[in-house]
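# Give me coordinates for this.
(chains A, B, C and D)
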Number of protein chains: 2
Amino acid sequence: MAETRIQSLNRAAILEAGLEVFSRRGFRGATLDQIASAAQLSKPNMLYYFPSKEAIHRELLLGLMDAWLDPMRRIDPEGPALDEMLGYVRRKMALTRHYPRESRLFANEVLQGARHIDDTLGGELKELVDRTAAQMTEWIRAGQLAPVDPHHTIISIWALTQHYADFDVQVRAVLGEDDPLARAERHVDQVFRRLLTPPDARSAGA
Amino acid sequence: MAETRIQSLNRAAILEAGLEVFSRRGFRGATLDQIASAAQLSKPNMLYYFPSKEAIHRELLLGLMDAWLDPMRRIDPEGPALDEMLGYVRRKMALTRHYPRESRLFANEVLQGARHIDDTLGGELKELVDRTAAQMTEWIRAGQLAPVDPHHTIISIWALTQHYADFDVQVRAVLGEDDPLARAERHVDQVFRRLLTPPDARSAGA
DNA sequence: TGGCTATTTGACCGATCGGTCAAAACGAGG
DNA sequence: CCTCGTTTTGACCGATCGGTCAAATAGCCA
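Numbers count the residues shown, from 1 in each chain, chains lettered A, B, ... in the order given. Modelled structure (predicted):
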């Protein structure tokens, strides 16, 4: 009873189309006809693979959350504090560069109340953040990071990195550039380097 | 032919209701019935004051843009560089605290392509940003600000301040606090203080 | 009070929404 | 070729969308 080749192909096409449309229009703004035509399927044919609009949306969000949390999970408590934090920033920025639609899908969802994922937000995500914040507190106590509010620092990393995906229309309009992300990556690294470098390490290095 | 009392009262009620609904649902997700019932008016009665859903939305966005740009306009080239920049950050954060719905309205619009305001984005906004960035470049040359990318620093200020309004569901879920903004204001000040304080001024002050 | 304008409303319209259904077309094994 | 399960489709459904309209009502000034 395994998935046939045509099934997995069509399911993938529908999810790809759903990502495209949901990320640009939001859940209520997207229509099944738009998704179906983007997937080059008829509407009833699409509903043969997914029972409803909600089901497509839910599957996209579910698949998203894991990839979204992964960069934070990969922070190594044994590694050098500043490098670990800047590595996290870099990995999160890579998500923005390579998966801007996923970022906008998430932004749309949270902006409109996050009704479909509020359990994940208050559960798995909060646990992971609390654990990472505790690790940062240790690093600060050990003098490996400058004193900061760990929770709000994590939120700042999200804010800065996701902004380049979610508001890219505005970013491009204001910068007038084709590829703002090269500069953006250097800038974001600089922001958190200056925020997190402990005072007694400031004379050394570039 | 001036506006009567009842006209200005009803128009205000409609705009207030429109802000509430548009900011939580986005343009396409909002319905005229929702806005009308929030304004305690019948739908045809509401359309007696505004010709269409678009007209309500457009008037809200127009009124918004001016207030949104004001904190940046009030940066004083004659003032002390760091204080002026941190003052801008503080004013922008005050908008987030007092007008989160306006922030979400704007976020919804930009997220979905900013089709209703792209002329403002590429015109008035870009000019103001370029002028402010030029001022920052002077300050950097004079050693009053640490070397940064001015454009991306401005974008960072937007990203951090607006994030607390646009993603407040996520912020509250992760922090588990009732009023995250008190801490947030201190944190955001710290981020840009460390980013912008010139190297030779770091030994002085707190 | 009468009369005129400004305001409000219920009923309704065509378009579009998410979703259903029965029937047709397809495809692999015999 | 036939058979049977899988896949695809056109036609259609009730609900809801943004918006209209004629008629009813309220407010105001002579």
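# CA atoms for contacts and neighbours, from now on please.
OK.
# C-terminal to the lengthiest helix in chain A, what's the next element?
Secondary structure assigned by DSSP state H gives helix A:5-29 as the longest helix of chain A. Moving toward the C-terminus from helix A:5-29, the next helix or strand (DSSP states H and E) is helix A:32-38.
# Which secondary structure elements does that following helix sit against?
When contacts are defined as 3 or more CA pairs under 8 Å, 6 or more residues apart in numbering or on different chains; DSSP states H and E, helix A:32-38 packs onto helix A:5-29, helix A:43-49.
# Does that helix reach DNA strand D?
No. Shown here: helix A:32-38 not in contact with DNA strand D (CA under 7 Å from any atom of the strand), separated by at least 9.4 Å.
# right, is that helix up against DNA strand C?
Yes. Remark: helix A:32-38 sits within contact range of DNA strand C at A:32-33, by CA under 7 Å from any atom of the strand.
# Please list the residues of chain A that sit near DNA strand C.
Selection of chain A residues close to DNA strand C by CA under 7 Å from any atom of the strand yields A:28, A:30-33, A:43-44, A:47, A:51-54.
# List the buried residues for the least confident helix or strand in chain A by mean pLDDT?
Of all helical and strand segments in chain A, the minimum by mean pLDDT, DSSP states H and E falls on helix A:118-120, at a mean of 84. For helix A:118-120, a neighbour-count test (16 or more other CA atoms under 10 Å in any protein chain shown) marks residue A:118 as buried.
# got any ranges where chain A has weak pLDDT?
By pLDDT under 70, the low-scoring segments of chain A are A:1-3, A:202-206.
# ok, which stretches of it are helices?
For chain A, the helices defined by DSSP H cover A:5-29, A:32-38, A:43-49, A:53-73, A:81-98, A:100-111, A:118-120, A:126-141, A:150-166, A:168-175, A:181-196.
# before we move on, back to that, list of residues touching the least confident helix or strand of chain A?
Helix A:118-120 is touched from outside by residue B:173, with contacts defined as CA atoms under 8 Å, 6 or more residues apart in numbering or on different chains.
# And stretch A:14-23, by the same measure?
By CA under 8 Å, 6+ apart, stretch A:14-23 touches A:29-30, A:34-36, A:38-39, A:46, A:56-57, A:60, A:101-102, A:104-106, A:108.
# can we see that at 6 Å?
A:30, A:35, A:38-39, A:101, A:104-105 (CA atoms under 6 Å, 6 or more residues apart in numbering or on different chains).
# and if you look at stretch A:169-186?
Stretch A:169-186 is contacted from outside by B:121-122, B:126, using CA under 6 Å, 6+ apart.
# List the buried residues for it?
A:169-175, A:181, A:184-185.
# What of stretch A:103-120?
For stretch A:103-120, the neighbour count (16+ other CA under 10 Å) marks A:103-114, A:116-118 as buried.
# before we move on, back to that, would you list the helices of chain A in TSV and tack on distance to residue B:69?
As requested, the helices of chain A are arranged in TSV below (distance: least, CA to CA, whole Å):
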stretch	distance to residue B:69
helix A:5-29	25
helix A:32-38	36
helix A:43-49	44
helix A:53-73	32
helix A:81-98	26
helix A:100-111	22
helix A:118-120	33
helix A:126-141	33
helix A:150-166	18
helix A:168-175	13
helix A:181-196	22
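# quick check, nearest of the contacts of stretch A:169-186 to residue A:198?
Ranked by distance to residue A:198 (CA to CA), those are led by residue B:126 at 35.8 Å.
# Skipping adjacent residues, who's closest to that closest one in space?
residue A:174 (4.7 Å; CA to CA, 6 or more residues apart in numbering or on different chains).
# can you tell me which of the buried residues of stretch A:103-120 are up against DNA strand D?
When contact is defined as CA under 7 Å from any atom of the strand, the buried residues of stretch A:103-120 do not meet DNA strand D at all.
# Can you tell me which of those is closest to DNA strand C?
residue A:116 (14.5 Å; CA to the nearest atom of the strand).
# do you know how far the closest one is from residue B:11?
Separation of residue A:116 from residue B:11 (CA to CA, to the nearest Å): 34 Å.
# re the thing from before, residue B:132 is nearest to which of the helices of chain A?
Residue B:132 sits nearest to helix A:168-175 of all the helices of chain A, at 12.0 Å, using CA to CA.
# orientation of the closest one relative to helix A:150-166 in degrees?
For helix A:168-175 against helix A:150-166, the angle by axes from the mean of the first three to the mean of the last three CA atoms, to 10 degrees is 80 degrees.
# give me phi/psi at residue A:148?
With angles defined as degrees, to the nearest 10, residue A:148 sits at phi -140, psi 170.
# For DNA strand D, what's the nearest residue on chain A?
Closest approach of chain A to DNA strand D (CA to the nearest atom of the strand) occurs at residue A:45, with a separation of 3.3 Å.
# circling back to that earlier point, okay if I get the buried residues of stretch A:169-186 as TSV plus distance to residue A:194?
Below are the buried residues of stretch A:169-186 laid out as TSV (distance: CA to CA, whole Å):
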residue	distance to residue A:194
A:169	28
A:170	26
A:171	23
A:172	26
A:173	28
A:174	25
A:175	24
A:181	20
A:184	15
A:185	14
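# out of those residues, who's nearest residue B:67?
Set against residue B:67, the nearest of these by CA to CA is residue A:170 (17.1 Å).
# Please tell me how far the closest one sits from residue B:188.
Distance, residue A:170 to residue B:188, using CA to CA: 22 Å.
# go on, residue A:169?
Per CA to CA, residue A:169 is found 24 Å from residue B:188.
# So what's the residue count around residue A:164?
25 (other CA atoms under 10 Å in any protein chain shown).
# May I have the phi/psi pair for residue A:116?
phi -90, psi -10.
# repeat for residue A:113
When read as degrees, to the nearest 10, the backbone of residue A:113 gives phi 110, psi -10.
# Skipping its backbone neighbours, what lies nearest it in space?
The nearest residue in space to residue A:113 (CA to CA, 6+ apart) is residue B:169, at 6.3 Å.
# got the residues of chain A near DNA strand D?
Contact residues, chain A versus DNA strand D (CA under 7 Å from any atom of the strand): A:4, A:6-7, A:10, A:41-46, A:48.
# what sits against residue A:198?
Residue A:198 makes contact with A:145-146, according to CA under 6 Å, 6+ apart.
# Try it again at 10 Å.
By CA atoms under 10 Å, 6 or more residues apart in numbering or on different chains, the residues touching residue A:198 are A:82, A:140, A:143-147.
# Now do residue A:134 against residue A:83, distance only.
17 Å.
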